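Student: sequence first, then the predicted structure, then my questions.
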Amino acid sequence: MLLAVAMATAVDPSHDLASERSSIESTYELTKYLEYQLKEIKDVYLTYLGPPFNEKDFSPPRPNSTALTLPSAATRLELWHGLENQARLAQNQKAYSVLLAAVRELASSTLCPSLKTSLLHFCTGLDGLLGSISALMTTLGYTLPPQSANMRTNAGELKVEGFWILRELQSWLWRSAKDFNRLKRRLRG
Amino acid sequence: MVVLCVYPPDVAMISPQDPVLRIGSSLTASCSLSPDLGLHASTLFWTLNGLRLSSSSYSVVSSSVLSVTLHRLNGSQQQSGDNLVCHGADGHVLAGSCLYVGMPPEKPVNLTCLSRNTKDLRCRWSVGGLGETHIRTKYILKYKLRWHGKEKECEDYGSGEQRYSCYIPHNIALFTPYEIWVEATNQLGSATSDITTLDILDVVTTDPPANVQVSRVGDLDDQLTVRWSSPPELKDVLFQAKYQIRYRLEDSADWKVVDDVGNLTSCRLAGLQPGTVYFVQVRCNPVGIFGSRKAGIWSNWSHPTAASTPSSERQPSSSCDAKPGEQNSTLRRELKQFFGWIRKHAYGCSGMSIKLYDQWRVWLQKSHKARNQGPCIFWQLDFPF
């Protein structure tokens, strides 16, 4: 539905970007909703992994495979502030593209059926978010970054990889909310 | 898909990776450090599922390899495997491995099946032995027609509470027995249940009877009539269906069952309490369907239908053959008074009661022979006065 709204708007320079701002607002709402959903799934998933993964201060080293393909949400404030609209959206688009594939992999290797279902359901939400971002970029006339290769870093699934995917996802959803707020304000001017 | 549990190998590595072991067995695992780390094996420690393992079980194999030996392993604590982790002195994670500890499956047992209206087959079984294998175990239900060879696999398995069940939706053959069994497999072994041979007609159940209606019998305050029609799916072939009725008072949990309904589609309940609401249900048994010799399986009860008797006096038990007027309340009242008097005055008849009278009436219906039974036959009394 968000895609349809975004696509329907003509790319017209004199256009007052009202519908784009409305799309951004919906996308912002979606990130808040997914952030909330993720909190619940993360707890269940970490319990499924078993201790020490579900212990409070546990933090295994971040696998290189994840580091290579998934951009971290963490970024210095001045860099984040200075991001041009296109770059800002592109970073989000790339991140969720990688994250969606990763969570899908996670889901397919999960042995617990109810958890698997929850993860797959969450993926449809992530897919919606990715779709909104891509549509927004197209409407604003930005080219979409090339699709990176599928994140099949290992033959099976990695518990630590799973831990980091969810942690990074949490950071990204938190950051994206702020990204979209900033975008909304910039587009007004 | 195989679940692996691999940690960044360029820092340290545990061997073996993701072993599958039997409960009670032992394991020696070793943590090999990369020389770039500049750590000595003696400074490391192990945890299993977050709990630190005692250093008495460690062995320093070399300056870069520390091993640990675990004895009498318990079943895996979580489905994703037990987490065996190698830590540096300050606690940070160096490497990990997932242990899958369980048992091979035992023969599945209690395989039973049910066919609804002869169209499908739903089977369920129980896990053999003590139950929990602790590791992922797959169950496959297989079946074949006894004299026809080709084996098929059931595809539609239940989940959650019903995970030991499977549903075969169509192509169920009648008149030839099936052989059905369940194969259980996991990474430690496999087991097959005994083969169950069954004829679909022997395990048929139908839908409950349809259009159950309960109504009053004129003004009679202790009777209700129940009417129904045979289940729609099989109504053209259920010539000999048996029915059963049960009813209860609105606020009671005790059902009274009427068993001798035969294959009629109506029945009169008698001996009810006047001015009372009753809930009634009917169920059906496809006895002798398509010429089967055995009794089938009772259907579910129909949805409860409620009705109330007109208000007046009270009565006890019931049977489908009660004729109206025989349980006349005036007669019963007088009988009760009479029996009370007999108990006091007639020598040796302390057991006389309205209950005995009812029993006599039932007995009268059932047989005409052997009338010389019971402690105190009515017409053999010798009144002392």
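Tutor: Here it is on my side, so go on.
Student: distance between the ends of stretch B:215-231?
Tutor: Distance between the two ends of stretch B:215-231: 20 Å, counting by C-alpha to C-alpha, to the nearest Å.
Student: please work out the average pLDDT along that stretch.
Tutor: For stretch B:215-231, the mean per-residue pLDDT is 88.
Student: do stretch B:94-110 as well
Tutor: Computed over stretch B:94-110, the average pLDDT equals 92.
Student: go on, stretch B:332-350?
Tutor: 78.
Student: how about the residues of chain A by chain B?
Tutor: A:47-53, A:55, A:59-61, A:63-64, A:108-114, A:154-160 (C-beta under 8 Å from any C-beta of the partner chain). (C-beta placed from N, C-alpha, C; glycine too.)
Student: now do the top helix by length along chain A: distance to the chain's middle.
Tutor: Using DSSP state H, we find that the single longest helix of chain A is helix A:18-49. Chain-centre distance of helix A:18-49: 9 Å, with C-alpha atoms, centre = their mean, to the nearest Å.
Student: residues touching the residue nearest to the spatial centre of chain A, list them.
Tutor: By C-alpha atoms, centre = their mean, the mean C-alpha position of chain A lies nearest to residue A:96, the distance being 3.4 Å. Contact partners of residue A:96, counting by C-beta atoms under 8 Å, 6 or more residues apart in numbering or on different chains, are A:126, A:129, A:130, A:133, A:172.
Student: so where does the fourth one fall, helix or strand?
Tutor: Put plainly, it is residue A:133. Element membership for residue A:133, per DSSP states H and E: helix A:113-139.
Student: can you check the last one too?
Tutor: Secondary structure assigned from DSSP H and E places residue A:172 in helix A:159-188.
Student: following whichever helix or strand residue B:184 is part of, which helix or strand shows up next?
Tutor: Residue B:184 belongs to strand B:178-186 when assigned by DSSP H and E. Where DSSP H and E defines the elements, the next helix or strand beyond strand B:178-186 is strand B:189-192.
Student: can you name every helix or strand that that following strand contacts?
Tutor: Counting contacts by 3 or more C-beta pairs under 8 Å, 6 or more residues apart in numbering or on different chains; DSSP states H and E, strand B:189-192 is packed against strand B:178-186.
Student: the strand it packs on near chain A at all?
Tutor: No: on the criterion C-beta under 8 Å from any C-beta, strand B:178-186 is out of touch with chain A, staying 11.9 Å away.
Student: so what does that strand touch, helix or strand wise?
Tutor: Partner elements for strand B:178-186 (3+ C-beta pairs under 8 Å, 6+ apart): strand B:109-116, strand B:121-126, strand B:138-145, strand B:189-192, strand B:196-198.
Student: any chance of those in TSV, with distance to residue B:214 too?
Tutor: Formatted as TSV, the helices and strands packed on strand B:178-186 follow (distance: least, C-beta to C-beta, whole Å):
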stretch	distance to residue B:214
strand B:109-116	26
strand B:121-126	31
strand B:138-145	41
strand B:189-192	50
strand B:196-198	37
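Student: need these in JSON lines (columns: mean neighbour count).
Tutor: Listed next are the helices and strands packed on strand B:178-186 as JSON lines, based on neighbours: other C-beta atoms under 10 Å in any protein chain shown:
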{"stretch": "strand B:109-116", "mean neighbour count": "17"}
{"stretch": "strand B:121-126", "mean neighbour count": "20"}
{"stretch": "strand B:138-145", "mean neighbour count": "18"}
{"stretch": "strand B:189-192", "mean neighbour count": "16"}
{"stretch": "strand B:196-198", "mean neighbour count": "16"}
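Student: so where's chain A shaky on pLDDT?
Tutor: A:1-16, A:65-68, A:148-158, A:189 (pLDDT under 70).
Student: try 90
Tutor: Scanning chain A with the threshold set as pLDDT under 90 gives A:1-23, A:51, A:56-78, A:101-102, A:105-106, A:108-114, A:139-165, A:184-189.
Student: let me see the domain layout of chain B.
Tutor: B:12-102, B:109-202, B:206-308 (the TED database).
Student: I'd assumed residue A:97 was in contact with residue A:147.
Tutor: Yes: between residue A:147 and residue A:97 a contact is recorded at 6.6 Å, counting by C-beta atoms under 8 Å.
Student: the more surrounded of the two?
Tutor: Taking other C-beta atoms under 10 Å in any protein chain shown, residue A:147 and residue A:97 do not tie; residue A:97 has more neighbours (21 against 10).
Student: ok, now how distant is the more buried one from chain B?
Tutor: 22 Å (C-beta to the nearest C-beta, to the nearest Å).
Student: so that residue is in which element?
Tutor: Assigned by DSSP H and E, residue A:97 falls within helix A:85-109.
Student: list the buried residues for that helix?
Tutor: Neighbour counts using 16 or more other C-beta atoms under 10 Å in any protein chain shown place A:85, A:88-107, A:109 of helix A:85-109 among the buried residues.
Student: go on, stretch A:75-83?
Tutor: Those buried within stretch A:75-83 under the rule 16+ other C-beta under 10 Å are A:80, A:83.
Student: show me what from the stretch 51-200 of chain B comes close to chain A.
Tutor: With C-beta under 8 Å from any C-beta as the criterion, the stretch 51-200 of chain B meets chain A at residues B:51, B:77-83, B:85, B:92-93, B:96, B:98, B:136, B:159-160.
Student: can you flag the buried ones in those residues?
Tutor: For these, buried by 16+ other C-beta under 10 Å: B:77, B:78, B:79, B:80, B:81, B:82, B:83, B:85, B:93, B:96, B:98, B:136.
Student: please identify which pair of the residues you listed lies farthest apart.
Tutor: Spatial extent of these (C-beta to C-beta) is set by the pair B:93 and B:136 at 25.4 Å.
Student: helices of the stretch 1-150 of chain B, start to end?
Tutor: Under the criterion DSSP state H, counting those that start in this stretch, the stretch 1-150 of chain B contains no helices.
Student: how about the strands in it?
Tutor: B:12-15, B:20-22, B:27-33, B:45-48, B:51-52, B:58-62, B:65-70, B:82-87, B:93-102, B:109-116, B:121-126, B:138-145 (DSSP state E, counting those that start in this stretch).
Student: circling back: hey, what's the angle from the helix holding residue A:172 to strand B:82-87? Just curious.
Tutor: Orientation note: helix A:159-188 sits at an angle of 80 degrees relative to strand B:82-87 (axes from the mean of the first three to the mean of the last three C-alpha atoms, to 10 degrees).
Student: count the residues that sit near residue 23.
Tutor: With no chain named, the answer covers chain A. By other C-beta under 10 Å, neighbour count at residue A:23 equals 25.
Student: chain B, not that one
Tutor: With other C-beta under 10 Å as criterion, residue B:23 counts 17.
Student: what does the one 10 residues further on give?
Tutor: Other residues within reach of residue B:33, judged by other C-beta under 10 Å, total 24.
Student: quick one: contacts for it?
Tutor: B:11, B:12, B:39, B:41, B:44, B:64, B:65, B:94.
Student: just to revisit the earlier point, buried sites along the helix holding residue A:133?
Tutor: A:115-116, A:118-119, A:122-123, A:125-126, A:128-139.
Student: same thing with stretch B:336-348?
Tutor: So for stretch B:336-348, counting by 16+ other C-beta under 10 Å, buried means B:339, B:342, B:346.
Student: columns distance to residue B:111 and secondary structure on top of the residues you listed, output as JSON lines?
Tutor: JSON lines is the format used below for the buried residues of stretch B:336-348 (distance: C-beta to C-beta, whole Å; DSSP: H, G, I helix; E, B strand; the rest coil):
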{"residue": "B:339", "distance to residue B:111": "55", "secondary structure": "helix"}
{"residue": "B:342", "distance to residue B:111": "59", "secondary structure": "helix"}
{"residue": "B:346", "distance to residue B:111": "61", "secondary structure": "coil"}
